[in-house]
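Peer 1: how would this look folded up:
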Amino acid sequence: MSRIIGYMRISTDKESQKFDRQQVQLEALGCDIIYSDRMLRAKRGA
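Peer 2: From the prediction side, this is the model:
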């Protein structure tokens, strides 16, 4: 038995960005396990 693993990521700290749309798409593809991550960009310059 094989499993389909999905991964969703948001690359901002804005609260307005949500995982909803990515999760719906991954579920539609049949993902059994879905991981999520919120990556914050490093600020350049001082």
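Peer 1: low pLDDT regions in this protein?
Peer 2: Applying pLDDT under 70 to the chain flags residues 13, 41-46.
Peer 1: residue ranges for the strands of it, please.
Peer 2: 5-10, 33-38 (DSSP state E).
Peer 1: Just name the most buried of these.
Peer 2: Of all the strands of the chain, strand 5-10 carries the top mean neighbour count, a mean of 14, counting by mean count of other Cβ atoms under 10 Å. Any C-beta I mention is one placed from the backbone N, CA and C, and that applies to glycine too.
Peer 1: in its sheet, what does it sit against?
Peer 2: strand 33-38 (parallel) (DSSP bridges).
Peer 1: still on that earlier bit, would you reformat the strands of the chain as TSV and include distance to Asp20?
Peer 2: Converted to TSV, the strands of the chain look like this (distance: least, Cβ to Cβ, whole Å):
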stretch	distance to Asp20
strand 5-10	10
strand 33-38	11
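Peer 1: Quick one: closest of these to Gln25.
Peer 2: strand 5-10 (8.5 Å; Cβ to Cβ).
Peer 1: What are the contacting residues of the closest one?
Peer 2: 17-19, 22-23, 26, 29, 31-39 (Cβ atoms under 8 Å, 6 or more residues apart in numbering).
Peer 1: switch the cut-off to 7 Å
Peer 2: The contact list for strand 5-10 (Cβ atoms under 7 Å, 6 or more residues apart in numbering) reads 17, 19, 22-23, 26, 29, 31, 33-39.
Peer 1: need these in CSV with distance to Tyr7, can you?
Peer 2: Compiled in CSV, the contacts of strand 5-10 are given as follows (distance: Cβ to Cβ, whole Å):
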residue, distance to Tyr7
Gln17, 16
Phe19, 11
Gln22, 9
Gln23, 11
Leu26, 8
Leu29, 12
Cys31, 9
Ile33, 9
Ile34, 7
Tyr35, 5
Ser36, 8
Asp37, 7
Arg38, 12
Met39, 11
